[in-house]
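Engineer: no sequence on this one, just coordinates:
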């Protein structure tokens with residue numbers, strides 16, 4: 001079984017669309033589970049999630065990384081996949097994850113993203129991010145493993161220490177530990193629809209700058225605006 005973990009915080013505008021895409025996969029619904037880990041939402045996130053998810057509960061660990069860890073600990077699957085509540089998953093997403101782990105000796109899998117919102121700027125921004133991701137992968141310098149589109153061998157994930165509970169960069173940081181245990185693989189065809197709403201809210205350049213600032217500061221977001229610091 002594959003367990004899909006979806007952290008959520010005040011996502012009533014997006015989570016139904018995300019979970020509907022997850023519920024309509026090319027593999028039978030009983031072969032995977034959906035786990036929504038809520039960060040203490042004050043809206044209808046939990047109510048909207050329940051018809052689609054197998055489990056919905058309030059996180060006990062801190063930050064989005066902690067929510068993913070809580071979901072992994074509640075999961076039944078041998079493979080833990082993670083995405084975000086404002087993403088859209090293609091119909092073959094679960095099937096492709098299953099196939100990659102069946103055919104390859106890997107401990108972590110990830111893929112690119114494309115913008116949900118239309119616009120040249122959005123397409124160029126993510127084209128740049130995907131190019132950076134491919135360069136990092138093929139040069140073995142950095143694994144741009146975004147938490148919205150990644151999957152782990154559960155045993156290796158736990159052995160590596162799981163996600164660190166920091167404001168940002170947790171999804172890149174864990175790949176550095178996973179690669180010491182086994183192979184980390186980029187599947188260019190494992191593409192996920194990514195919301196550009198934060199880039200639109202704060203501005204692309206400012207968002208990228210602040211995100212990189214958080215990453216290289218080790219997750220300290222005390223002086224920036226990009227991170228969802230209200231998240232539990």
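Structural biologist: Thanks, I have the structure now. Note that the structure is predicted; figures quoted are calculated from it, not measured. Numbers count the residues shown, from 1 in each chain.

Engineer: where does the closest residue to residue 65 other than its chain neighbours land in three-state SS?
Structural biologist: Here the nearest residue to residue 65 in space, its sequence neighbours aside, is residue 163; by CB to CB, 6 or more residues apart in numbering that works out to 3.3 Å. Where you see a C-beta, it was placed from the backbone N, CA and C, and this is true even at glycine. Each residue gets one of three states, and residue 163 gets coil by DSSP: H, G, I helix; E, B strand; the rest coil.

Engineer: Give the full set of residues in contact with residue 163.
Structural biologist: By CB atoms under 8 Å, 6 or more residues apart in numbering, the residues touching residue 163 are 65, 66, 68, 69, 147, 170, 171, 174.

Engineer: where along this structure do the strands fall?
Structural biologist: 2-8, 32-38, 55-58, 79-82, 108-110, 113-115, 150-153, 184-186, 192-194 (DSSP state E).

Engineer: Any stretches of the chain with poor pLDDT?
Structural biologist: 122, 126, 167-168, 196-232 (pLDDT under 70).

Engineer: circling back to that earlier point, among the strands of the chain, which comes closest to residue 135?
Structural biologist: Evaluated with CB to CB, the strands of the chain place strand 184-186 nearest to residue 135, the distance being 10.7 Å.

Engineer: so what secondary structure elements neighbour the closest one?
Structural biologist: Using 3 or more CB pairs under 8 Å, 6 or more residues apart in numbering; DSSP states H and E as the contact criterion, the secondary-structure elements in contact with strand 184-186 are strand 108-110, helix 120-139.

Engineer: ok, and what's touching it?
Structural biologist: Under the criterion CB under 8 Å, 6+ apart, external residues in contact with strand 184-186 comprise 100, 104, 106-111, 133-134, 137, 143, 145, 175, 178.

Engineer: Kindly recompute the last result at 10 Å.
Structural biologist: Residues outside strand 184-186 that contact it (CB atoms under 10 Å, 6 or more residues apart in numbering) are 100-101, 104-112, 133-134, 136-138, 140, 143-145, 150-152, 174-176, 178.

Engineer: Among those, the buried ones, what's the ChimeraX command?
Structural biologist: Buried residues within these, as defined by 16 or more other CB atoms under 10 Å, are selected in ChimeraX through the command that follows:
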select :100,101,106,107,108,109,110,111,112,133,136,137,143,144,145,150,151,152,174,175,178
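
Engineer: Tell me where this structure has helices.
Structural biologist: 15-23, 45-49, 63-73, 93-103, 120-139, 154-160, 170-178, 197-202, 204-216 (DSSP state H).

Engineer: Buried by neighbour count: which residues of the fourth one qualify?
Structural biologist: This means helix 93-103. By 16+ other CB under 10 Å, the buried positions in helix 93-103 come out as 93, 94, 95, 96, 97, 98, 100, 101.

Engineer: and of these, the nearest to residue 79?
Structural biologist: Proximity of these to residue 79, judged by CB to CB, is greatest for residue 101, which lies at 5.7 Å.
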